[in-house]
Structure formats: structure tokens, C-alpha cells
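*Asks:* Need a 3D model of the following:
(chains A and B)
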Amino acid sequence: SAVISQKPSRDICQRGTSLTIQCQVDSQVTMMFWYRQQPGQSLTLIATANQGSEATYESGFVIDKFPISRPNLTFSTLTVSNMSPEDSSIYLCSVNRGNNYGYTFGSGTRLTVV
Amino acid sequence: AQTVTQSQPEMSVQEAETVTLSCTYDTSENNYYLFWYKQPPSRQMILVIRQEAYKQQNATENRFSVNFQKAAKSFSLKISDSQLGDTAMYFCAFLPGGTSYGKLTFGQGTILTVHP
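*Replies:* Got it, this is the predicted structure:
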């Protein structure tokens, strides 16, 4: 099964700034997924990142706010831009291990915007 | 679109006892997969158990088992001999079949507290 290294594990940021979150997978994967988990809530898919093409965003999420890079088959970044306190959440990356095995998740980034 | 509903926001159980977490889902698909994930305070999402919809036999992983009722679209998780380390938020999740890159849909989650 894939192992995902996600950084940073947590950060406290000033409003109006941007934070880039990195995920490194120990094997090549076609798609990577980025989720947001607001405090006490479930996980919501932000976007799907496919190597070599633009990410596909879910309803309510836009590229200007959450730009994603996917330079190769083992790495992806998610940037949270122009942050406000409402962006305070846990952000998780994930890869699909194949339908029979579900998804593997990174350890998450706890973001607090002050 | 699929929906996943967990109607129990919080549950508690005494150590060594058994607890059942409920999950229902709605889908028009016939081929799909269901999962229970555990998220302890460390935030790490951990796969607890999985079930293929085409299999009638309920999945079991050590102390964890499911009651999969396909016609009723119900997928409950039973934790036997509860341990303090089982304290976590538990999410039921649905994954459509037929593709390798389907989107995972989560329920709202159930916070489980195991008391000594």
C-alpha cells in the first residue's frame, strides 16, 4: 500500500497570506485527491490532481483560491491563497489504492488562520 | 449522486463492551464499495474495514465486523471488546465501482468515546 508524507503537519498563518501544503507518495499514482475537513466536520473533496493536466475542482472550490500542482506521479502541492479565518481546517491529501482497498491518506495539515 | 448518512453524532461505550455504529447510504449503482475509516486525535485517517457490494458475506477484521444489508442500503460497524485506543471519529464512506478513480463520499462521522 502507498505511504504518503504530508507537510507541514500544522501551521498558524496570518490572514491574507498563502500556505502551500506538500504531499509525497512513495510510489507512482495516477491521481491524487485533496480534501478539506472543517472543525468537527466530515471530509469534503476539494479537487482531483492528475499529472500533466489541470486539476479538476469540485463545486464550491476554485483554482484561484486553491491552486494545485502535480509535477510528477509521486508529488503534489495544494496552496491555500489569500487566507481568511474561515480557511482554518485540516487539509488532507489522498491516493486511491484501487477500488478494493479504498484510499490512503496523508497525516493531514492543521491550518489555523488568525 | 450518492449520499452517506451517519445518524449518531456521538456514541460512548465502556471498555471491553460492544458498540455498533450506524450508516445508511443512497445510490442507484449496483457495483460499489463501502468502507469504515477511523480518525483518532492524531488526524490520520485509518482504514478499518471494507466491503464489496457484490459479496453477501459480511466483512470481518479482528474485533471489527460489519452488518451489510444491501437491500436496505445499510452498513453498520460493530466493535467488539472495545479498547481505549478505539476512541476516535469514525466515518462511513462510499466508493462507486466501475472505475479505478471513483470519488469517495463520506458520512458526517460518529465520535466514539471508550471509557475505562
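
*Asks:* Can you name the residues bridging to the spatially most central residue of chain B?
*Replies:* Nearest to the geometric centre of chain B sits B:W36, at 3.0 Å (C-alpha atoms, centre = their mean). With DSSP bridges applied, B:W36 shows beta-bridge pairing to B:I49, B:C92.

*Asks:* any idea how far it lies from A:S42?
*Replies:* According to C-beta to C-beta, to the nearest Å, B:W36 stands 13 Å off from A:S42. Every residue, glycine included, has its C-beta placed from N, CA and C.

*Asks:* Mutual contacts of these two, please.
*Replies:* Counting by C-beta atoms under 8 Å, 6 or more residues apart in numbering or on different chains, the common neighbours of B:W36 and A:S42 are B:F91.

*Asks:* ok, the most centrally placed residue in chain A to A:Y57 distance?
*Replies:* In chain A, the residue lying closest to the centroid (C-alpha atoms, centre = their mean) is A:W34, at 3.4 Å. Using C-beta to C-beta, A:W34 is found at 10 Å from A:Y57.

*Asks:* and if you look at B:I49?
*Replies:* To A:Y57, B:I49 is 31 Å away according to C-beta to C-beta.

*Asks:* okay, these two: which has more neighbours?
*Replies:* Neighbours per residue, other C-beta atoms under 10 Å in any protein chain shown: of B:I49 and A:Y57, the larger number sits with B:I49, 21 against 17.

*Asks:* got the contact list for residue 13?
*Replies:* Using chain A. A:C13 sits next to A:L19, A:M83, A:L111, A:T112, A:V113, A:V114 when contact means C-beta under 8 Å, 6+ apart.

*Asks:* Chain B is the one I meant
*Replies:* Contacts of B:V13 (C-beta under 8 Å, 6+ apart): B:V19, B:I79, B:S82, B:L112, B:T113, B:V114, B:H115.

*Asks:* ok, back up a step: overlap in contacts, A:W34 and A:Y57.
*Replies:* Taking C-beta under 8 Å, 6+ apart as the contact rule, A:W34 and A:Y57 both touch A:I46, A:A47, A:F66.

*Asks:* what's the pLDDT at residue 29?
*Replies:* The chain I'm using is chain A. At A:V29, the predicted lDDT confidence score is 89.

*Asks:* ah, I was thinking of chain B
*Replies:* For B:E29, pLDDT reads 88.

*Asks:* Where does the prediction get shaky in chain B?
*Replies:* Applying pLDDT under 70 to chain B picks out residues B:99-101.

*Asks:* Near chain A, which residues of it? Just list them.
*Replies:* Contact residues, chain B versus chain A (C-beta under 8 Å from any C-beta of the partner chain): B:33, B:35, B:37, B:42-45, B:47, B:50, B:52, B:91, B:93, B:95, B:97, B:99-104, B:106-109.

*Asks:* tell me the SS of B:G85?
*Replies:* Three-state call for B:G85 (DSSP: H, G, I helix; E, B strand; the rest coil): helix.

*Asks:* Just the strands from chain B, written as ranges.
*Replies:* In chain B, the segments counted as strands under DSSP state E are B:3-5, B:10-14, B:19-21, B:24-26, B:32-39, B:46-52, B:60-61, B:64-69, B:74-79, B:88-96, B:105-106, B:110-115.
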